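[1] what follows is a predicted structure for the sequence shown.
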Amino acid sequence: MPLLSFIAFNAILFCAVVCDVWRHRIPNLIPLLLAIAGLLLAAPEGLSQVASRAEAVVLVGAVAGALWLRGWIGGGDLKLLTACAVWAPLGSLPLFVLALGLASGVQGLAALALAEVRGRASLAGAAHSHIPYALSIAGAGFVWSLVQLQM
């Protein structure tokens, strides 16, 4: 991944975090910009890479869509995750998923700790507070893109 692509990818994710933390929503423009930047700055080379990225988008969209249908993530998170997949060939998704799982775990523990400080030290109490999942998505995206930058 070229440095310009790394900067653009992470800057757009940072914007998503700021919006999610302050406004509790991710404007549609942010995932749209992320997807367009992925097509322009990380353009797939060859038909096999186009197919690989299309498979990644479909897979991530399907899994994130299922999570959204269950109410476990918001619609902005669904769109942001799917837009991230535009950048990633299918083979690089395991790293992103691993990083996302770790970031989500850390964020979940932090939410529980904050709930305890606020006197709602339970999963139910923590679930009633807004947890800006864009933070975990951006953390995973940063780790993934950092590895891609090294390649």
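    Looks like it came in fine.
[2] what's around Pro31, how many residues?
    In terms of burial, Pro31 registers 23 neighbours under the definition other Cβ atoms under 10 Å. C-beta coordinates here come from the backbone N, C-alpha and C atoms, glycine included.
[3] ok, so what distance separates it from Ala134?
    From Pro31 across to Ala134, the span is 10 Å (Cβ to Cβ, to the nearest Å).
[4] overlap in contacts of these two?
    Common contacts of Pro31 and Ala134 (Cβ atoms under 8 Å, 6 or more residues apart in numbering): Ala16, Gly76, Leu80.
[5] once you drop chain neighbours, what's closest to the last one?
    Right, Leu80. What sits nearest to Leu80 in space, not counting adjacent residues and going by Cβ to Cβ, 6 or more residues apart in numbering, is Pro31, at 5.0 Å.
[6] could you do the second one as well?
    By the measure of Cβ to Cβ, 6+ apart, the closest residue to Gly76 outside its immediate chain neighbours is Ile26, 3.0 Å from it.
[7] tell me the pLDDT of that neighbour.
    Among the per-residue scores, Ile26 holds a pLDDT of 97.
[8] how many residues are close by it?
    Using other Cβ under 10 Å as the criterion, Ile26 is surrounded by 25 other residues.
[9] one more: Val97?
    Around Val97 there are 14 residues (other Cβ under 10 Å).
[10] helices or strands next to the host helix or strand of it in the packing?
    For Val97, the enclosing helix or strand under DSSP states H and E is helix 93-117. With contacts defined as 3 or more Cβ pairs under 8 Å, 6 or more residues apart in numbering; DSSP states H and E, the packing partners of helix 93-117 are helix 47-69, helix 123-127, helix 134-150.
[11] return the set of buried residues in that helix.
    By 16 or more other Cβ atoms under 10 Å, the buried positions in helix 93-117 come out as Leu93, Phe96, Ala99, Leu100, Ala103, Ser104, Gln107, Ala111, Leu112, Ala115.
[12] so which of these is the closest to Arg70?
    Using Cβ to Cβ, the shortest approach to Arg70 within the buried residues of helix 93-117 belongs to Ser104, at 15.1 Å.
[13] what's near enough to touch the closest one?
    Shown here is Ser104, whose contacts under the criterion Cβ under 8 Å, 6+ apart are Tyr133, Ser136.
[14] and it, how far from Pro89?
    Ser104 sits 23 Å away from Pro89, going by Cβ to Cβ.
[15] that's all I had, so thanks and see you.
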